[in-house]
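*Asks:* got a sequence here, can you model it:
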Amino acid sequence: MTIHDQRRLVRQLLDDASPSDAPTAYYALFHPAGRSTLVTRADDQGCALGFAGRFQTGLDLFRPLVTLGNRSAEVAADLLAELLQPGRPYILFADVTQLPLVGGSVRILHEQILRVYRLDLARFRPEINVLVQCAQGPDGQPRCRIESGGLQAVAGLNWQSPAFAEVYVQTDPDARQRGWGRSVVAAISELVVRGGRVPIYLVEHDNEASQRLAEGLGYVDTGARQVYADVVYEGHPAQRER
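*Replies:* You can find the predicted model right below:
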């Protein structure tokens, strides 16, 4: 089965038009095929039971990103055993509902639970700040920046799918409380909207300042939660118990 056949099966489990599924769907459905490995499971009628994927990304050259969507812990364990190497570290990035299904297969070193926000176009009002400069970054993605006095705030995109784009922002600590972060996020959000996509924004569940920034620009909490975790794959639970 080719990766394109596998992605057709994965579409039974993910809605790539939903902002809640968008972070997982980008990797499972749209990440470059040459840097993606998928394994899938279906029943005798061809109905999808689960998938897992391993992806080479720019986030970490030494730790592949892993995402998955499964209906049972048994299927999750089987697919991870097919996909991953025991003792090796990975980045787990998946809907938080998948976390209980992989507990027997991975050791979690550190985890963040992220809120998934999407931009409500009816609430969004573009802002003008003459300090903002927008250009294409080294990765080919648009990037908006304010830089002054050796300090900077930068907003860009982690990825783009046909329907969505994930926005990020980085602000030097000494440049905070100046409104720079808000200005660059507003600018990159406007670029995404002009390109025909909906911006989404992932925020740590306890980062109130980042949540206020997003909500002040018209982003709304979808209610979905995504886990980002440093993990070590320990092997199939059933095999370790023998």
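*Asks:* what is the neighbour count of the residue nearest to G179 when sequence neighbours are not counted?
*Replies:* Once flanking residues are discounted, G179 sits nearest to N129: 7.8 Å by CB to CB, 6 or more residues apart in numbering. In this view, the C-beta of every residue, glycine as well, is placed from N, C-alpha and C. N129 has 14 neighbouring residues, counting by other CB atoms under 10 Å.
*Asks:* next, N129: phi, psi?
*Replies:* Main-chain torsions, N129, degrees, to the nearest 10: phi -140, psi 110.
*Asks:* right, and it touches I146 too?
*Replies:* Yes - at 7.2 Å, N129 counts as touching I146 under the criterion of CB atoms under 8 Å.
*Asks:* which neighbours do the two share?
*Replies:* Both N129 and I146 are contacted by S183, under the criterion CB atoms under 8 Å, 6 or more residues apart in numbering.
*Asks:* show me the shaky parts of the protein.
*Replies:* Within the chain, the segments meeting pLDDT under 70 span 240-242.
*Asks:* give me the domain ranges for it.
*Replies:* 3-113+226-236, 121-217 (automatic domain parsing).
*Asks:* how about the helices of the chain, start to end?
*Replies:* Assigned by DSSP state H, the chain shows helices spanning 3-10, 22-25, 73-83, 180-194, 208-217, 237-240.
*Asks:* hmm, who's touching the third one?
*Replies:* In other words, helix 73-83. 37, 39-41, 49-54, 66, 68, 70, 98, 100-106, 233, 235-239.
*Asks:* ok, what's across the strand from the closest residue to I188 other than its chain neighbours?
*Replies:* Nearest non-adjacent residue to I188, counting by CB to CB, 6+ apart: A155, 4.2 Å away. In this entry, A155 is beta-bridged to C144, V169, by DSSP bridges.
*Asks:* I'd like the distance from stretch 202-222 to the chain centre, please.
*Replies:* The chain centre lies 15 Å from the centre of stretch 202-222; the measure is CA atoms, centre = their mean, to the nearest Å.
*Asks:* isn't V96 up against V227?
*Replies:* Yes - using CB under 8 Å, V96 is in contact with V227, at 4.9 Å.
*Asks:* adding distance to L59, write the helices of the chain out as JSON lines.
*Replies:* Converted to JSON lines, the helices of the chain look like this (distance: least, CB to CB, whole Å):
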{"stretch": "helix 3-10", "distance to L59": "20"}
{"stretch": "helix 22-25", "distance to L59": "13"}
{"stretch": "helix 73-83", "distance to L59": "18"}
{"stretch": "helix 180-194", "distance to L59": "19"}
{"stretch": "helix 208-217", "distance to L59": "19"}
{"stretch": "helix 237-240", "distance to L59": "27"}
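*Asks:* dump those to CSV, plus mean neighbour count and distance to P162.
*Replies:* Shown next, in CSV, are the helices of the chain (neighbours: other CB atoms under 10 Å; distance: least, CB to CB, whole Å):
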stretch, mean neighbour count, distance to P162
helix 3-10, 16, 13
helix 22-25, 26, 10
helix 73-83, 20, 25
helix 180-194, 22, 13
helix 208-217, 17, 23
helix 237-240, 12, 37
